[in-house]
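> below are the sequence and a predicted model; questions follow.
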Amino acid sequence: MTLMNDMEKVLISEEEIQHKVGELAGELTADYGDRFPLLVCVLKGAMPFMSDLVKKMDMHLEMDFMDVSTYHGGTTSTGEVKIEKDLNTSVEGRDILIVEDIIDSGLTLGYLVDLFKYRKAKSVKIVTLLDKPSGRKNDLHADYSGFVIPHEFVVGYGLDYEEKYRNLPYVGVLKPAVYGG
Ligand SMILES: O=P(O)(O)OC[C@H]1O[C@H](OP(=O)(O)OP(=O)(O)O)[C@H](O)[C@@H]1O
Ligand SMILES: [Mg+2]
């Protein structure tokens with residue numbers, strides 16, 4: 001048994017991801033090296049990206065974790081977002097880097113950016129591995145972005161289908177049979 005059998009195709013290989021994570025870490029180190037930023041990992045999807053990213057950032061930083069759930073009701077741009085687990089750290093006066101696996105509708109990050117600004121963060125920027133612009137329901141854009149992907153449902157490297165496939169080291173598209181049975 002191998003999980004690769006469930007893949008229609010691999011969209012981004014492990015090597016491509018690791019190379020890109022290194023590039024992003026280099027940019028962040030150059031931009032934030034002396035600012036002791038607070039990196040906020042958005043659970044659960046951003047966990048593998050956060051883990052690899054911080055190991056490649058040669059600088060002082062602080063990590064915290066937040067879990068939110070989004071209800072994508074209808075076609076409006078106002079998604080209801082619920083905090084499942086809040087930060088342990090105060091964001092007031094801090095340079096915040098929100099670390100995400102993917103921006104799709106933009107509702108999750110739209111909510112978090114507003115929340116951290118309301119809580120008086122000094123600055124709020126977004127680091128995402130994947131960006132799916134075709135899904136967007138607001139005007140949110142990432143400050144640091146790894147790959148722009150097409151309008152397809154992807155899994156792997158944090159992204160799940162029914163909580164599975166988050167542990168894949170690559171990003172891929174599932175075979176229709178995996179959904180259909
Ligand atoms: O731009 P959006 O349309 O808001 O979608 C992106 C968000 O959705 C997924 O998380 P999800 O809420 O499914 O939880 P998970 O990270 O635990 O899988 C993904 O990890 C992003 O956080
Ligand atoms: Mg998520």
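Looks like it arrived, so ask away. Numbers count the residues shown, from 1 in each chain. Ligands and ions are numbered 1, 2, ... in the order given.

> doesn't residue 4 belong to a strand?
No: Residue 4 is assigned helix when assessed by DSSP: H, G, I helix; E, B strand; the rest coil, not a strand.

> show the pLDDT at it.
pLDDT, residue 4: 98.

> state the distance from it to residue 156.
10 Å (C-beta to C-beta, to the nearest Å). Backbone N, C-alpha and C define where each C-beta goes, glycine included.

> neighbour-wise, which of those two wins?
Ranked by neighbour count (other C-beta atoms under 10 Å), residue 4 and residue 156 place residue 156 first, with 26 against 10.

> show me the contacts for the more buried one.
Counting by C-beta atoms under 8 Å, 6 or more residues apart in numbering, residue 156 makes contact with 165-166, 168-172.

> most surrounded residue in these?
residue 171 leads the contacts of residue 156 on contacts (other C-beta under 10 Å) with 27 neighbours.

> got the phi and psi for that residue?
When quoted as degrees, to the nearest 10, the phi and psi of residue 171 stand at phi -110, psi 130.

> what's across from it in the sheet?
Per DSSP bridges, the residues bridged to residue 171 are residue 12.

> go ahead and confirm it touches residue 10.
Yes: using C-beta atoms under 8 Å, residue 171 is in contact with residue 10, at 7.4 Å.

> identify the residue nearest the residue sitting nearest the centre point of the chain in space, chain neighbours excluded?
The C-alpha lying nearest the average C-alpha coordinate of the chain belongs to residue 100 (C-alpha atoms, centre = their mean; 1.5 Å). In space, and not counting its chain neighbours, residue 100 is closest to residue 128: 4.4 Å by C-beta to C-beta, 6 or more residues apart in numbering.

> which residues does residue 164 contact?
residue 155.

> pull the number of nearby residues for the residue of the chain found nearest ligand 1.
Nearest to ligand 1, among the residues of the chain, is residue 45, at 2.6 Å (C-beta to the nearest ligand atom). Counted with other C-beta under 10 Å, the neighbours of residue 45 add up to 21.
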